[in-house]
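**Student:** generate coordinates for the sequence data below:
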Amino acid sequence: MCEKEFELKQKGKLARLTNRTFKFDPRIKDGWFSAVYFLKTSKIVANRIPRQTVSMQFFQKNEAIVCGMDEAIALLHTFAANPQNLKIWALNDGDKISPFETVLMVEGYYEDFGYLEGIIDGILARRTSVATHVYNVVQAASGKQVIFMGDRDDHFSQQAGDGYAAYIGGMSAQATYAMNEWWGSDGVGTMPHALIQLFNGDLIQACEAYLTTFPEDNLVALVDYNNDVIEDSLKVARHFGNKLYGVRVDTSANMVDQYFLRNQHEFGQYDLRGTNPRLIKLLRRHLDAEGFQHVKIIVSGGFDSAKIRLFEQLKTPVDSYGVGSNLLKVNIGFTGDCVRLNGKEQAKQGRRYQFNPRLQPVRYAAEQHAEREE
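**Tutor:** Numbers count the residues shown, from 1 in each chain. Predicted coordinates for the structure are as follows:
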């Protein structure tokens, strides 16, 4: 099996990931994904004022974890005309960045690469948003495992890039094989509610079927199907004993667990909806009381950095967090600006040339050129 580029990069044998990893849509070359005004501008420049050297720099307005740098560079090396003549300076995926800091600068003839500006903005925006959300969630979790469960929250075609950005942000446990395509190997996961439903709501039978089919896996029972988390957790723990690795609680945000309906005195003291700290603390207490201290608790459902931080502040006995949709909100936008013309400062009002000493020069590699010609 051929080594992944990411593995070669980790070993120092490759400076940047290339199109061998990203597999760009070849229609980019035809301008299919570029804003029409970029295409029109490129044509005007080529016909009327060709060979004007511009310096284009990219920035955003937040404290963030940058991602998408290798992808943007590979885009330029794959689709710019005469990419060997471009001068590129860039930060690295995973670098912490500040508001208005230049993260990427490209110098060359406008007609050679200008039409790629918007695509670069979009790459950096999505990858950096995901990486930053993941970083904030991982920091909030205080070293506990966080699982990237974003497969159902966006178009499947985004999974490889989102999974890579999540890895850059600090999250290595991911839900699908596609999320691991650029950097890793296997996805992780156990059972959905559908498996329990197919066994007519019988959690024990569903778990037995899972364990029989995947005996090498850790058995993690999904225990909110009947909205009776504590009773169902104890039921599977008693049945499977040491074979039970953990339980996952995924109670809907508009539901109150049956335990609280049986114990009305709990109302008025806590917010008892969904997967909440009080429910998890009681679950841990009941498991421990019956000798099931080994059973881990995984929680999911509406978690973001703020909710995880609250759980940690309240010392909620969670072993792993599952997070999905809140990691995929693209809220960090990038801007590309032409700030120099033929070596002299020339930019719209409010923008100026800002070279960043942290930027590293990027070499146009022979192997990238060879792949471009294939």
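**Student:** which residues does stretch 31-40 contact?
**Tutor:** 25, 27-28, 114-119 (CB atoms under 8 Å, 6 or more residues apart in numbering). Bear in mind the C-beta positions are built from the backbone N, C-alpha and C, glycine included.
**Student:** make a ChimeraX selection of the buried ones in these.
**Tutor:** Per 16 or more other CB atoms under 10 Å, the buried members of those correspond to this ChimeraX selection:
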select :28,114,115,116,117,118,119
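**Student:** identify, from the contacts of stretch 31-40, the entry nearest to E7.
**Tutor:** D25 (24.8 Å; CB to CB).
**Student:** show me the helices in the protein, by range?
**Tutor:** 5-10, 19-22, 36-48, 69-79, 110-113, 117-140, 159-169, 193-198, 203-213, 229-240, 258-262, 277-289, 305-313, 366-373 (DSSP state H).
**Student:** quick revisit: let me know the closest of the contacts of stretch 31-40 to R238.
**Tutor:** D25 (53.3 Å).
**Student:** what does that closest one show for phi and psi?
**Tutor:** phi -70, psi 120 (degrees, to the nearest 10).
**Student:** contact partners for it?
**Tutor:** By CB under 8 Å, 6+ apart, D25 lies in contact with 32-33.
**Student:** please apply the same query to Q346.
**Tutor:** 338-340.
**Student:** repeat that for I204.
**Tutor:** I204 neighbours (CB under 8 Å, 6+ apart): 235-236, 239.
**Student:** just the pLDDT at it, thanks.
**Tutor:** What the model reports as pLDDT for I204 is 98.
**Student:** low pLDDT regions in the protein?
**Tutor:** 1, 366-374 (pLDDT under 70).
**Student:** farthest residue from the center of it?
**Tutor:** R48 (43.1 Å; CA atoms, centre = their mean).
**Student:** for it, give its distance to S42.
**Tutor:** 11 Å (CB to CB, to the nearest Å).
**Student:** between the two, which contacts overlap?
**Tutor:** By CB under 8 Å, 6+ apart, no residue touches both R48 and S42.
**Student:** and for Q197, the neighbour number?
**Tutor:** The local packing of Q197 (other CB atoms under 10 Å) involves 12 other residues.
**Student:** can you redo the contacts of stretch 31-40 as a markdown table with distance to A165?
**Tutor:** Putting these into a markdown table (distance: CB to CB, whole Å) gives the following:
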| residue | distance to A165 |
| --- | --- |
| D25 | 19 |
| R27 | 23 |
| I28 | 20 |
| G114 | 26 |
| Y115 | 24 |
| L116 | 20 |
| E117 | 21 |
| G118 | 19 |
| I119 | 16 |
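**Student:** can you tell me which of the contacts of stretch 31-40 is nearest G333?
**Tutor:** G118 (11.4 Å).
**Student:** how about the nearest residue to the closest one, chain neighbours excluded?
**Tutor:** Excluding its sequence neighbours, the residue lying closest to G118 (CB to CB, 6 or more residues apart in numbering) is A35, at 4.9 Å.
**Student:** okay, that neighbour and Y115: tell me how far apart.
**Tutor:** In terms of CB to CB, A35 sits 8 Å off from Y115.
**Student:** could you do F59 as well?
**Tutor:** F59 is 20 Å from Y115, by CB to CB.
**Student:** swap in Q52?
**Tutor:** 15 Å.
**Student:** just N254 next, same as before
**Tutor:** N254 is 47 Å from Y115, by CB to CB.
**Student:** out of the helices of the chain, which one sits most buried?
**Tutor:** Stretch with highest mean neighbour count among the helices of the chain: helix 159-169 (a mean of 26; mean count of other CB atoms under 10 Å).
**Student:** now that helix against helix 69-79, angle please.
**Tutor:** 140 degrees (axes from the mean of the first three to the mean of the last three CA atoms, to 10 degrees).
**Student:** quick one: contacts of helix 159-169?
**Tutor:** So helix 159-169 is contacted by 65, 67-68, 71, 93-94, 126-128, 130-135, 137-138, 148, 150-151, 154, 174, 176, 178-184, 327-328 (CB under 8 Å, 6+ apart).
**Student:** show me what contacts the closest residue to K348 other than its chain neighbours?
**Tutor:** Nearest residue to K348 in three dimensions, chain neighbours excluded: D337, at 7.4 Å (CB to CB, 6+ apart). Neighbour list for D337: 56-59, 347-348, 351 [criterion: CB under 8 Å, 6+ apart].
**Student:** farthest pair in the residues you listed?
**Tutor:** That would be F58 and K348, which, of these, are the farthest apart (CB to CB) at 15.1 Å.
**Student:** neighbours of the nearest residue to R248 once chain neighbours are set aside, how many?
**Tutor:** Excluding the flanking residues, the one nearest R248 by CB to CB, 6+ apart is I298, at 4.3 Å. Number of residues near I298 (other CB under 10 Å) recorded here: 23.
**Student:** right, and I298 touches Y245 too?
**Tutor:** No: counting by CB atoms under 8 Å, I298 does not reach Y245; the two are 9.5 Å apart.
**Student:** what do these two both touch?
**Tutor:** Common neighbours of I298 and Y245 (CB under 8 Å, 6+ apart) are V220.
**Student:** which one's more surrounded, F58 and K348?
**Tutor:** Each of F58 and K348 has its neighbours counted (other CB under 10 Å); F58 has more, 24 against 9.
**Student:** for that one, which residues are in contact?
**Tutor:** Taking CB under 8 Å, 6+ apart as the test, what F58 contacts is 72, 102-105, 120-121, 124, 334-337.
**Student:** the residues you listed into TSV, with extra columns for distance to T190?
**Tutor:** Formatted as TSV, the contacts of F58 follow (distance: CB to CB, whole Å):
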residue	distance to T190
A72	36
T102	44
V103	39
L104	40
M105	46
I120	39
D121	38
L124	35
F334	37
T335	43
G336	43
D337	48
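**Student:** so which of those comes closest to Y321?
**Tutor:** For those, the nearest to Y321 is L124 (26.8 Å; CB to CB).
**Student:** brilliant, that's me finished.
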